[in-house]
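**Student:** Please find the sequence and the predicted model below.
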Amino acid sequence: MSDQVTNILVVGIGGQGVMTAADVLAQAALELGYDIKKTEVAGMAQRGGVVTSHVRFGTKVLSPSIKPGDADMMIAFEPAEALRWHTHLKKDAVAMINSYPLEPPVVSIGLFDYPEDPIGKMRAEKVNLHHFNAGEAAIELGDRRLVNTIMLGAISEHLPFKADVLKDVILSRFARKGSALVELNRQAFELGRTAFN
């Protein structure tokens, strides 16, 4: 186990599973004996507002918040939210981005404009990003809620522990809901592993 603290920023829109993804990451790290700190900010999460979660783990973690420039990786369930939070990333950080756009209510009611080409803007700033339409992939698998598992599969190869640890935590969450759902999430996780890496 490394002494270094790993900082993961999970961002998106309410209903996409941002907080669940953060819980899974924290549970996987906890099972490996890491000290964990986690915090969430939900802006009208139930109504599709923006949601952010900070997950920090290591041998000793003092604060739950990730400062700008300190995130080792970002899992972005929505591209505009990735753009909004990319300044929190370290220079060599990895950003995993679901390229399927979802406008939050502040955009749909006209308070803010949705940014033009958020992924292109981040690429121009030399962000180390991987993007894929996880929303479309989830729909093809039969359930749009699988975006969550696809995105966790995508980041799994970049974590300081084996991908199978994360996969086992995800699958155990669905074990009581039946083997079909477990298998669907297994497929979604493996899809994320191959599509984003």
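**Tutor:** Received, thanks.
**Student:** could you pull out the helices for this structure?
**Tutor:** Using DSSP state H, the helices of the chain run over 18-31, 79-85, 105-108, 118-124, 134-141, 147-155, 163-174, 179-195.
**Student:** between those helices, which gets nearest to residue 6?
**Tutor:** Of all those, helix 18-31 sits nearest to residue 6, with 7.8 Å by Cβ to Cβ. In short, each C-beta sits where N, CA and C put it, glycine included.
**Student:** hmm, who's touching that closest one?
**Tutor:** If you take Cβ atoms under 8 Å, 6 or more residues apart in numbering as the criterion, helix 18-31 is touched by 6, 8, 10-12, 36, 38, 40, 42, 45, 51-55, 57, 75, 77, 148, 151-152, 159, 161, 165-166, 169-170, 173.
**Student:** for the helices of the chain, which one ends up most surrounded?
**Tutor:** helix 147-155 (a mean of 28; mean count of other Cβ atoms under 10 Å).
**Student:** helices or strands next to that helix in the packing?
**Tutor:** With contacts defined as 3 or more Cβ pairs under 8 Å, 6 or more residues apart in numbering; DSSP states H and E, helix 147-155 has these neighbours: helix 18-31, strand 71-76, strand 89-98, helix 134-141, helix 163-174, helix 179-195.
**Student:** 6 Å - rerun?
**Tutor:** With contacts defined as 3 or more Cβ pairs under 6 Å, 6 or more residues apart in numbering; DSSP states H and E, the packing partners of helix 147-155 are helix 18-31, helix 134-141, helix 179-195.
**Student:** Quick check, pLDDT for the residue nearest to the spatial centre of the chain.
**Tutor:** Taking Cα atoms, centre = their mean, the centroid of the chain lies closest to residue 75, which sits 3.0 Å from it. pLDDT for residue 75: 97.
**Student:** Likewise for the one 10 residues further on?
**Tutor:** Confidence at residue 85, expressed as pLDDT, is 94.
**Student:** Same check on residue 111?
**Tutor:** 73.
**Student:** Count the neighbours of it for me.
**Tutor:** If you count neighbours by other Cβ atoms under 10 Å, residue 111 ends up with 9.
**Student:** what about it, distance to residue 117?
**Tutor:** 21 Å (Cβ to Cβ, to the nearest Å).
**Student:** Also residue 11?
**Tutor:** 18 Å.
**Student:** before we move on, what about residue 126?
**Tutor:** Distance from residue 126 to residue 117, by Cβ to Cβ: 16 Å.
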